[in-house]
Structures are given as C-alpha cells and as structure tokens.
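Student: Generate coordinates for the sequence data below:
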Amino acid sequence: MNFRLIFSAILLAGLLATAAAEKKGKKMIELPDVFNGGFNGTLAESELRNEAARMRRMHQLPFTLEEWKPDELRSKIWKSLGVSVDHSVPLKMKITKTIQLDGYKIHNLSYQSRPGVRVTGNLYVPDGKGPFPAVINLHGHWEQGRLAGRIQERGHILAKSGYVCLAVDAFGTGERCPEHGKFVSHGGLLGGAAFQFGETLMGLQLVDNMRGIDLLCSLPYVQKDKIGACGASGGGNQTMWLAAMDERIKAAVPVVSVGTFESYILCYNCLCEVLPDGLTFTEEAGVLALVAPRAL
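Tutor: Purely as a prediction, here's the structure:
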C-alpha cells in the first residue's frame, strides 16, 4: 500500500472520529482557555499602561505664566496633525436653499475649506440687521452629521435666542459621506485613509472648523469678537481642539468628551480623536490650558 493510500485512510478515520464525537456533544480534547480575559491582564497591557502613565507624568503644566509656552505647544500639535490652515483660500460660499421661520431663517450652504474641498452646513440667522453673537455648532459621532435632530434643535434654539449658528458636516459624515444619502461613520478605514497622505482626520476637521470661523467673521451681521463653540461627545472633542487652536473662539463648551490621552491607549476611540504622538509631548490638560484665559 503506497503512502498516499495510508495518508487518506488516516485522514478519513480522523474525520469520522471527530464527527462522531461532535454528534455525541463531546470534544476530542478539552482545551483550556489559555487567553482568558482577552487582552486584559496580559503582559502587553501592563507594559502599555505603565508606559502611558510614565509619559503622562512627564507633562505637568507649569506653575507660572513665564514657563507657559502656548505657541510652542500649538506648533507641535500642528506638526503632529500633518495639516495646516490657509485663511487666504477663497471661501466661495454658496447658499442653495433658504427656509424662513418665525423670527429667523435657515440657509443651506457650503464653503471651501481647502482648494477644491467643500464643507456642507446650515446657517441659522435671527431676523434683523444685527450684528449678532455667533456659535459654531459641532456634531458628535452621528452618521447624519449636522442633519441629526439634536444638532438641528440646538441651531433653532440659538437662533431664537439671538445667536447666529453655523452647523457643519465633519469630513465623511452627513452630506459629505462617500455615497450621497447613505450615512456612514467617518472613522475606521475611511478616516484612516488620511494617514496614507501624512494627514489626520482630526486635522482635517480642525481646518474645516477654523474655516467655518472665517465664514462667520466674513458675515456683516456677525459680531466677530463674540464667537463661541459648543458640542457633545465627538462634537465636544472638536470644540476643545478648535478653541485650543483658534483664539477667535471666546467661549467654548465641550460636553461629555474631555478625557486623557493616557486613557486612550487601551480604549477604542474614533480616529478623529487621535493626535499622533500626542502623549509624547502633552496631555488633554495641556490642550485645555491653551484656551485660557478665554471662557471654557
């Protein structure tokens, strides 16, 4: 009997024995769980936590204003983001629809943030000549972007209260989804694609939002020295970064979003919240400190 026949017989016997055991509800061998608890409790987790804690301790905020160097920190952040903002690029604002309501109106619009890149949004404007204070209304991790109900509600409330409100779609959300009308999350592979070009999803969002402030400042009925930012969850994260990097924001309200880079190490976070190498030179406390002495 040649080798091929012997091997086939052994293989067939093994398969039949396995099938018979499974039919009786028994395992051929009871295998212990050698990876109990998944990643928790492993040596890798312990080392990562210790390293993250060590790096966080390196970034204590200075005790005096003389030691505080906000411009230097902003420069490091921009470098890690891999992008830059060009305020000279024409906004080319386009209003595609206007809805008149009781005491205010809503403009459907878009503007250019970078050459050839347009940001979609809604502008809520109180009736009257103004000038009015303004708020940029940033959405969280809702695939509908600025079309989400809670974002629209905030716009209506602010306009009724006498504020101009700009709500925009973050990169890859709302009307800026890859396929029009099919809302998807902008994290994962979609947001990660920016890394292939040396950019970051966080950086793209920041540029879009800063250009949104350019848009508000260009409107004759907006008080340029009274512009605020607000948002919850991912919108709170956007609010924190925008206020830290753009001093035109005079008051910021980031809600259910502030954490620590250290805690991100072993947690799942959307890529729009990831600052590459961030923990090597600062913590979120340092980012928040960049807002001072403005209201936070």
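Student: contacts, neighbours, all on C-alpha from now
Tutor: Noted.
Student: So the residue nearest the centre of the chain: helix, strand or coil?
Tutor: Centroid-nearest residue in the chain, with C-alpha atoms, centre = their mean: residue 272, separated by 3.0 Å. Remark: residue 272 carries the secondary structure label helix [criterion: DSSP: H, G, I helix; E, B strand; the rest coil].
Student: pretty sure it contacts residue 191?
Tutor: Yes - proximity of residue 272 to residue 191 meets the contact threshold set by C-alpha atoms under 8 Å, at 7.4 Å.
Student: Touching both of these two, which residues are there?
Tutor: When contacts are counted by C-alpha atoms under 8 Å, 6 or more residues apart in numbering, residue 272 and residue 191 have 200-201 as shared neighbours.
Student: Now stretch 152-165: buried residues?
Tutor: 152, 154-156, 158-160, 162-165 (16 or more other C-alpha atoms under 10 Å).
Student: got those as JSON lines, with distance to residue 48 columns?
Tutor: As requested, the buried residues of stretch 152-165 are exported to JSON lines (distance: C-alpha to C-alpha, whole Å):
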{"residue": "152", "distance to residue 48": "41"}
{"residue": "154", "distance to residue 48": "40"}
{"residue": "155", "distance to residue 48": "42"}
{"residue": "156", "distance to residue 48": "45"}
{"residue": "158", "distance to residue 48": "44"}
{"residue": "159", "distance to residue 48": "47"}
{"residue": "160", "distance to residue 48": "49"}
{"residue": "162", "distance to residue 48": "49"}
{"residue": "163", "distance to residue 48": "46"}
{"residue": "164", "distance to residue 48": "45"}
{"residue": "165", "distance to residue 48": "42"}
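Student: of all those, which two lie farthest apart?
Tutor: Pairwise distances across those (C-alpha to C-alpha) peak at 15.6 Å, for the pair 152 and 162.
Student: residue ranges with poor pLDDT in this structure?
Tutor: Scanning the chain for pLDDT under 70 picks out the ranges 1-28, 33-44, 188-189.
Student: where along it do the strands fall?
Tutor: Counting by DSSP state E, residue ranges of the strands within the chain are 94-101, 104-114, 117-126, 132-138, 164-168, 222-232, 249-255.
Student: from these, which stretch is densest packed?
Tutor: For the strands of the chain, ranked by mean neighbour count under the definition mean count of other C-alpha atoms under 10 Å, the leader is strand 164-168 at a mean of 28.
Student: what is the orientation angle of it with strand 222-232?
Tutor: Between strand 164-168 and strand 222-232, the angle formed by their directions is 50 degrees, by axes from the mean of the first three to the mean of the last three C-alpha atoms, to 10 degrees.
Student: Strand 164-168 - contacts with which helices or strands?
Tutor: Using 3 or more C-alpha pairs under 8 Å, 6 or more residues apart in numbering; DSSP states H and E as the contact definition, the elements that strand 164-168 packs against are strand 117-126, strand 132-138, helix 149-160, helix 201-218.
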